[in-house]
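In: following is a predicted model, sequence given first.
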Amino acid sequence: MVFPITIILLALLFDFYNGMNDAANSIATVVSTRVLTPFHAVLWATFFNFVAAFVFGTAVAKTIGAGLVDASVIDYQVIFSALIGAIVLTSVCTHFGLPISVSHAIIGGLVGAALIKVGPASIIFSGFIKVVIFIFIAPVMGYVISYFFSIVILWIVRNKSPRTVDKYFRKLQLVSAALFSLSHGSNDAQKTMGIITMVLILMAAGGDPSLVGKSFNVPFWVVITSHSVIAFGTMVGGWKVIKTLGMRMTKLSPFGGFSAETSAGMTIVLATLFGIPVSTTHTITGAITGVGAIKGFSAVRWGVARNILWAWVLTIPLSGFISGLMYWIAVTFVQ
């Protein structure tokens, strides 16, 4: 009984780091444009992260819990190892100000532990390939949508004075920041829901993993708890990550912040409705880059973007390696 409870607590710690690293996704643009102070921006994002619990379903949680790894492989050691891999990588990247996909960290953790336990036969490749494809599709969608969305908005306000445009978009950015925080909470909190629900099913089945794939209903208390913890992580905030994403990538105006947040928010909501655990980090980074490219490619600091890209590429393999190593240690220690 102690081990399952420990795993649930680790899942909530992962959820906290998720909110902390991904706080940059929710508030970097609204802070960099000085529409809100960092403190007020965090409170704004925290509120909508939590409200998302009452808006969206749990399709992403089901993908995490029963759509990536063969259910018969999932046991306490696999979940424990996956969480350790995800937490270690996320905490290190947050410390160094790198905005990574926490979603892909937990996915890499699950896959890494399952590979060590059984091998490639344990992976549901249809679900895994869908996630990998969206590593590339999400930032491209964010970039393309924000680029053309910005062109359309610029055409609409072409006859307005810069002061008037700035005034209106400072107010509109509150709406776009709320949309993005809502989409962020809806997609990201569900990763933790999926993990905790797996543990609860294993507990009910006496550790037998055969029921994980047959019945996967997320209890409401898990939904509320996951959203509360990710909101708290957002409140604490990963300030180094916020600086990297909101101030070093490109210089944003309220108009640019509105375009980036709205475009990224629409992309993530669409993915959430289809049950795809998309990276909010990838999406908002692509959207910010698209807005910057409107002013010319020189307006984007591509060196910073390159470092972020390397962090994206290495997230799944590194978390998988740490998780696989942890699984081997855990199993050896138990035996």
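Out: Here it is on my side, so go on.
In: got any ranges where this structure has weak pLDDT?
Out: Scanning the chain for pLDDT under 70 picks out 1-2, 22-26, 56-67, 207-216, 237-252, 277-278, 296-305, 334-335.
In: could you measure from the residue of the chain most remote from its centre over to Ile294?
Out: The C-alpha centroid of the chain is most remote from Asn159, which lies 38.2 Å away (C-alpha atoms, centre = their mean). Relative to Ile294, Asn159 is positioned 18 Å away (C-beta to C-beta, to the nearest Å). Every C-beta, even on glycine, is put in place using the N, C-alpha and C of the backbone.
In: in this protein, which spans are helices?
Out: 2-32, 38-51, 59-66, 76-95, 102-117, 125-156, 162-204, 220-236, 239-243, 254-273, 280-294, 302-334 (DSSP state H).
In: now those in a markdown table, with mean neighbour count?
Out: What follows is the helices of the chain, written out as a markdown table (neighbours: other C-beta atoms under 10 Å):
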| stretch | mean neighbour count |
| --- | --- |
| helix 2-32 | 24 |
| helix 38-51 | 20 |
| helix 59-66 | 24 |
| helix 76-95 | 24 |
| helix 102-117 | 28 |
| helix 125-156 | 18 |
| helix 162-204 | 22 |
| helix 220-236 | 21 |
| helix 239-243 | 20 |
| helix 254-273 | 26 |
| helix 280-294 | 28 |
| helix 302-334 | 18 |
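In: can you tell me how far Ala264 is from Ile316?
Out: 21 Å.
In: swap in Gly108?
Out: To Ile316, Gly108 is 4 Å away according to C-beta to C-beta.
In: what's the answer for Leu83, then?
Out: According to C-beta to C-beta, Leu83 and Ile316 sit 15 Å apart.
In: what's the answer for Val92, then?
Out: Between Val92 and Ile316 the computed distance is 15 Å (C-beta to C-beta).
In: how about Phe125?
Out: Note on Phe125: its distance to Ile316, by C-beta to C-beta, is 14 Å.
In: equivalent analysis for Ile145, please.
Out: Separation of Ile145 from Ile316 (C-beta to C-beta): 25 Å.
In: and for Leu179?
Out: The gap separating Leu179 from Ile316 is 28 Å, by C-beta to C-beta.
In: Gly127 is in contact with Leu68, correct?
Out: Yes. Counting by C-beta atoms under 8 Å, Leu68 touches Gly127, with 4.8 Å between them.
In: contacting residues for Gly109?
Out: Applying C-beta atoms under 8 Å, 6 or more residues apart in numbering to Gly109 gives the contacts 81-86, 319-320, 322-323.
In: closest to Ile308 out of those residues?
Out: Ser319 (16.5 Å; C-beta to C-beta).
In: spit out the contact partners of that closest one.
Out: Per C-beta under 8 Å, 6+ apart, neighbours of Ser319: 85-86, 88-89, 104-109, 112.
In: so what's Phe255 up against?
Out: Phe255 neighbours (C-beta under 8 Å, 6+ apart): 150, 153-154, 157, 165-166, 169.
In: actually Ile87, not the one I wrote
Out: Ile87 makes contacts with 10, 13-14, 17, as judged by C-beta under 8 Å, 6+ apart.
In: again, only this time at 6 Å
Out: Phe14 (C-beta atoms under 6 Å, 6 or more residues apart in numbering).
In: I'd like the distance between it and Gly185.
Out: To Gly185, Ile87 is 20 Å away according to C-beta to C-beta.
In: also Ile201?
Out: The gap separating Ile201 from Gly185 is 24 Å, by C-beta to C-beta.
In: what does Phe3 give?
Out: The spacing between Phe3 and Gly185, counted by C-beta to C-beta, is 29 Å.
In: let's have the contacts of Phe255 in JSON lines, adding distance to Ala138.
Out: Output for the contacts of Phe255, formatted as JSON lines (distance: C-beta to C-beta, whole Å):
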{"residue": "Ser150", "distance to Ala138": "18"}
{"residue": "Ile153", "distance to Ala138": "22"}
{"residue": "Leu154", "distance to Ala138": "24"}
{"residue": "Val157", "distance to Ala138": "28"}
{"residue": "Val165", "distance to Ala138": "29"}
{"residue": "Asp166", "distance to Ala138": "30"}
{"residue": "Phe169", "distance to Ala138": "25"}
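In: and of these, the nearest to Ala311?
Out: Ser150 (25.7 Å).
In: so how far is Gly257 from the closest one?
Out: With distances taken as C-beta to C-beta, Ser150 is found 11 Å from Gly257.
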